[in-house]
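*Asks:* Pasting the sequence and the predicted model now:
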Amino acid sequence: MNKILLLEDDVSLVDGLRYSLKKNGFEVTVARTVRDALEYLTAMNRYNLLILDVTLPDGTGFEVCEKVRQQNQQMPIIFLTASDEEVNVIRGLDIGGDDYITKPFKLGELCSRIRALLRRAGVSSQEKATAIECGDIMIDFLSSRVSLKGKPLDLTSAEYRLLCLLVRNANRIVTRDVILNELWDNVENFVDDNTLSVYVRRLREKVEEDPSHPQHLITVRGFGYQWREVSA
């Protein structure tokens, strides 16, 4: 059973989260203050994932995230933020957060994101993986082939690299800067911001049934892009 440390001081929210997470097969430890969370994390290897509220009575969830990342811990971290806390979202991602979800949120969506992060954590630990399956898409790294809903996709080299990067980070935001660095290949073929927009548009035309209303390749305004896992 995967163990989650939940840092949240809202009693009504904690009760609902604890009930829902346990019902979905997770073991939950609740901390209501930063101090309590740091005490629990002295035995950090007990937990598989952290859910951190941003604002607590004695500090912020950012402090906890920073402590974890200082120890080179790769465990997934999800931030809980208010809908108007865009600055906090940026900061949370910058210091090592893996994902965020804004209040109010659906418990089913949170559980889906938790499972996706835990799956990715397991895949990333297997560096020699030859393929990845994410919902309705499958990438075979040995043959550099991609299939969506069982049908092969005809992709250019740049489109393939972009798709691999996004799918490896499914349900997470990948910033434009990270993507630009990834697409700058070994022979120094430079990809600028405008070219990236073209790649995204072309890739969207190949993976979306309706590119004007994308279900997979989502633009996260002000941040970058996100590949949303869609069930096969």
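*Replies:* Sure thing, it's come through. Numbering: from 1, shown residues only.
*Asks:* Tally up the residues packed near Asp177, please.
*Replies:* The burial metric for Asp177, expressed as a neighbour count using other C-beta atoms under 10 Å, is 10. C-betas here are computed from N, CA, C, even on glycine.
*Asks:* That one: what's its closest spatial neighbour, skipping adjacent residues?
*Replies:* Gly224 (7.8 Å; C-beta to C-beta, 6 or more residues apart in numbering).
*Asks:* quick check: longest helix of this protein.
*Replies:* Longest helix of the chain, by residue count under DSSP state H: helix 107-124.
*Asks:* So which elements touch the next helix or strand along the chain from that helix?
*Replies:* Next in sequence after helix 107-124, counting helices and strands by DSSP states H and E, comes strand 131-134. Counting contacts by 3 or more C-beta pairs under 8 Å, 6 or more residues apart in numbering; DSSP states H and E, the secondary-structure elements packed against strand 131-134 are strand 137-140, helix 157-168.
*Asks:* follow-up on the earlier one: what's the longest helix of the chain in contact with?
*Replies:* Applying C-beta atoms under 8 Å, 6 or more residues apart in numbering, the set of residues contacting helix 107-124 from outside is 2, 4, 16-17, 20-21, 24, 26, 48-49, 51, 74-76, 78, 98-99, 101, 129, 132, 168-172, 229.
*Asks:* rewinding a little: pipe the helices and strands packed on strand 131-134 into TSV and attach mean pLDDT per row.
*Replies:* Supplementary listing: those in TSV, determined by pLDDT from 0 to 100:
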stretch	mean pLDDT
strand 137-140	92
helix 157-168	88
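*Asks:* Of the ones you listed, which is nearest Thr55?
*Replies:* If you check each of the helices and strands packed on strand 131-134 against Thr55 by C-beta to C-beta, helix 157-168 wins as the nearest, at 30.7 Å.
*Asks:* where along the protein do the helices fall?
*Replies:* Read by DSSP H, the chain holds these helices, from start to end of the chain: 11-23, 34-40, 61-70, 86-94, 107-124, 157-168, 176-183, 193-207.
*Asks:* sorry, back to before: can I get the helices and strands packed on strand 131-134 in a markdown table including distance to Glu39 and mean neighbour count?
*Replies:* As requested, these are arranged in a markdown table below (distance: least, C-beta to C-beta, whole Å; neighbours: other C-beta atoms under 10 Å):
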| stretch | distance to Glu39 | mean neighbour count |
| --- | --- | --- |
| strand 137-140 | 41 | 19 |
| helix 157-168 | 34 | 19 |
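*Asks:* Nice, that's everything, thank you.
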